[in-house]
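Student: Sequence first, then the predicted structure:
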Amino acid sequence: MDNITGFDAANDSFTFSGLNVAGGHINYLETGSFSGGNQASAYLDGGAGNGTLHIDTNGDGSSDMDINLQNYIGTLHSSNFLVS
């Protein structure tokens, strides 16, 4: 698991290059679970500035990538996830 410290949701983004993602983009979910349905998605588990970001890149409803966020600020949105 990768660790990122000090992520600022208002100014920072995650850029995924050379990665095929279902649906062409990563949809941020606030529900704490994946939606599946052939759409890449992500959600944050935790709170108070620390948590684990779970990312489903192929849309099968299970996590393909986990990132530990420490001391993050702000609220994540789909616009924080860039695919190139």
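Tutor: Thanks, I have it. Residues are numbered from 1 along each chain as shown.

Student: Can you tell me the element the residue nearest the centre of the chain falls in?
Tutor: Residue closest to the average C-alpha location in the chain (C-alpha atoms, centre = their mean): A42, at 3.9 Å. Assigned by DSSP states H and E, A42 falls within strand 41-47.

Student: quick one: pLDDT of the nearest residue to N50 once chain neighbours are set aside?
Tutor: Leaving aside its chain neighbours, N50 sits nearest to Q70 (5.5 Å; criterion: C-beta to C-beta, 6 or more residues apart in numbering). Backbone N, C-alpha and C define where each C-beta goes, glycine included. Per-residue confidence (pLDDT) for Q70: 96.

Student: Check which helices and strands the helix or strand that the strand holding A42 is followed by is in contact with.
Tutor: Next along the chain after strand 41-47, taking DSSP H and E as the criterion, comes strand 50-56. Contacts defined by 3 or more C-beta pairs under 8 Å, 6 or more residues apart in numbering; DSSP states H and E place strand 50-56 against strand 41-47, strand 65-70.

Student: buried set for strand 50-56?
Tutor: By neighbour count on 16 or more other C-beta atoms under 10 Å, the buried set for strand 50-56 is 51, 53-56.
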